[in-house]
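# below are the sequence and a predicted model; questions follow.
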Amino acid sequence: MSGLRSVQVVNVNDNHNYVLEDNTLQRILLREDVKDLPLVVVSVAGAYRGGKSFLLSYFLRYLNSPTEKRNENGDWLGNETDPLIGFSWKGGSERHTTGILMYPEPFITTTAAGEKVAVLLMDTQGTFDSSSTVRDCSIIFALSTLISSVQIYNLKENLQEDDLQYLQLFTEYGKLLKNEDGSKAFQMLMFLIRDWPYYYEHAFGAKGGEELLKKRLEITDKMPKELCDLREHIRSCFDKVSCFLMPHPGFKVSNPSYNGNFSELSTEFRNALKELVPSIFAPENLNIKKINGVKVTCADMYTYFQTYMTAFNSDSMITPSSIFENTKRAALMAAIREATSKYTKIMDAACNTDTPSMPGEGVRVTHNQALAKAIEAFNKKGKMGSQKEIGAYLTQLKRDLEDQLPRYGLMNDGKYRKLAFEAKEVFDNTVKA
Ligand code: GDP
Ligand code: MG
């Protein structure tokens, strides 16, 4: 079992600015073997001390377990006394950090459709209650919803009107995003109710959750219009909305010496874990992150993170239309990034020190070929925006790549001169001899 720990990728500093841990994020998302893979992001978001990190550590245990142990008996839960590690889930200094944490290694796996994907686990936390920090929380929550393909909204004891209201921003944004292929703005939303007390009304698990959700999303005659609209739009913005009722884990979990092992959890909680965790990661439920109906790769996700963070730091208010504009920009930036990387790869390979130099016009010929490949990559990549906007980005791309040519020319000339110098030396030495 891997002993890695979650790492902070988004921090909030004292001035209420968001800080992206750029190097950390690059190490995770731009790793050579994952950067081009479509991404599944499972996020658990909600207030502090809600058992999010605890649960994520059990997700991790499942993902780290061999396939033959992922059975109905719950063999993946491991040994009775194994301490629970991965996401720091107990007190300590991390407890009140607002921000986003990630497990530093994506899990490479295959969806039911046979597609190779990278699965990332994300822990999102904030206070969600006091008004002074409401901007912080809504931004952190917004970021995690925009970035994840499975958003698990962790709630205590019940699903209430306020909890639904937090989703308004996304439903409004979802309305602006008209996907050509008819797909919805977001993939999966799960309300996860912890310590569900009314098991006699709705049983623990997915089935009871479905019943509760139906009740909560029901539109009644006397309901004010905003509430009706919100309910209508929640379903229309997510491909799937579900609810799961989790029992109390038992009071042993609050003992300071408890190490997270599963044998001290209540039987109901253990059974719920056995139902919940395998269903989230079942190949048919591995939902690839899509933006505007287009699959997002790990490298694309890096660009989305950067764009959203910059935007959220500069705007005092995030609105559905600002999210929409920034999503559009990020999609274009992701296309630029991929095109540029294609160009650089070809040119670096042709002009690096290991390859022989070419005659001057050879560099221009290679440049033209690399440029054509880059333009092809840009055009193929799913983008949002008008033809005019896309055209402007393409023109800039061509200009930027054209600007690279002199540098490659020099690299090649340098090798040419070195070669000439060495040849002259050999000649001189031969003459001398
Ligand atoms: P987080 O702040 O949401 O990440 O919460 P943690 O995962 O750090 O857990 C906080 C405390 O709640 C720990 O002492 C856990 O043992 C305990 N805990 C974990 N799951 C649950 C749960 O479902 N219900 C309750 N009541 N406590 C839990
Ligand atoms: Mg936590």
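Right, received. Where do you want to start? Ligands and ions are numbered 1, 2, ... in the order given.

# for Leu25, give me the pLDDT.
At Leu25, the pLDDT value in this model is 95.

# repeat for the one 5 residues further on
At Leu30, the model reports a pLDDT of 94.

# backbone dihedrals for it, please?
The phi/psi pair for Leu30 (degrees, to the nearest 10) reads phi -100, psi 20.

# what is the neighbour count of it?
For Leu30, the neighbour count with other C-beta atoms under 10 Å is 14. Just so you know, the C-beta spots here come from the backbone N, C-alpha and C atoms, and that holds for glycine as well.

# now Val19
15.

# same check, this time on Thr67
8.

# what sits against the residue in the stretch 201-350 of the chain that ligand 1 sits nearest to?
Relative to ligand 1, the nearest point of the stretch 201-350 of the chain is Val253 (3.6 Å; C-beta to the nearest ligand atom). By C-beta atoms under 8 Å, 6 or more residues apart in numbering, Val253 lies in contact with Phe54, Glu264, Leu265.

# if we look at ligand 1, which of those residues are close to it?
Filtering these for proximity to ligand 1 by C-beta under 6 Å from any ligand atom leaves Phe54.

# which residue in the contacts of Val253 has the weakest pLDDT?
Lowest pLDDT of the contacts of Val253: Glu264, 89.

# show me what contacts that residue?
Shown in contact with Glu264 (C-beta under 8 Å, 6+ apart): Gly250, Lys252, Val253, Tyr258.

# other SSEs contacting the helix or strand where Leu169 lies?
Secondary structure assignment for Leu169, by DSSP states H and E: helix 168-176. Contact here means 3 or more C-beta pairs under 8 Å, 6 or more residues apart in numbering; DSSP states H and E; on that basis helix 168-176 packs against helix 134-147, helix 225-237, helix 320-351.

# how about the residue of the stretch 201-350 of the chain closest to ligand 1, phi and psi?
Per degrees, to the nearest 10, the backbone of Val253 is at phi -70, psi -20.

# could you do Gly114 as well?
With angles defined as degrees, to the nearest 10, Gly114 sits at phi 90, psi 10.

# ok, now Leu120?
Torsion angles at Leu120 (phi, psi; degrees, to the nearest 10) stand at phi -120, psi 140.

# surely it and Val41 touch.
Yes: using C-beta atoms under 8 Å, Leu120 makes contact with Val41 at a distance of 4.9 Å.

# sorry, back to before: in PyMOL, how would I select the buried members of the contacts of Glu264?
Buried members of the contacts of Glu264 can be picked out in PyMOL with the line below, counting by 16 or more other C-beta atoms under 10 Å:
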select buried, resi 253+258
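
# distance of Ser267 from Leu192?
Not Ser; residue 267 is Thr. Using C-beta to C-beta, to the nearest Å, one gets 19 Å for the distance from Thr267 to Leu192.

# so which of the two has more stuff around it?
Leu192 (25 against 9).

# so Phe87 makes contact with Asp123?
Yes: assessed by C-beta under 8 Å, Phe87 is found in contact with Asp123 at 5.4 Å.

# could you dump the contacts of Glu264 to a markdown table with secondary structure and pLDDT?
Listed next are the contacts of Glu264 as a markdown table, based on DSSP: H, G, I helix; E, B strand; the rest coil; pLDDT from 0 to 100:
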| residue | secondary structure | pLDDT |
| --- | --- | --- |
| Gly250 | coil | 93 |
| Lys252 | helix | 89 |
| Val253 | helix | 87 |
| Tyr258 | coil | 88 |
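
# thanks a lot, catch you later.
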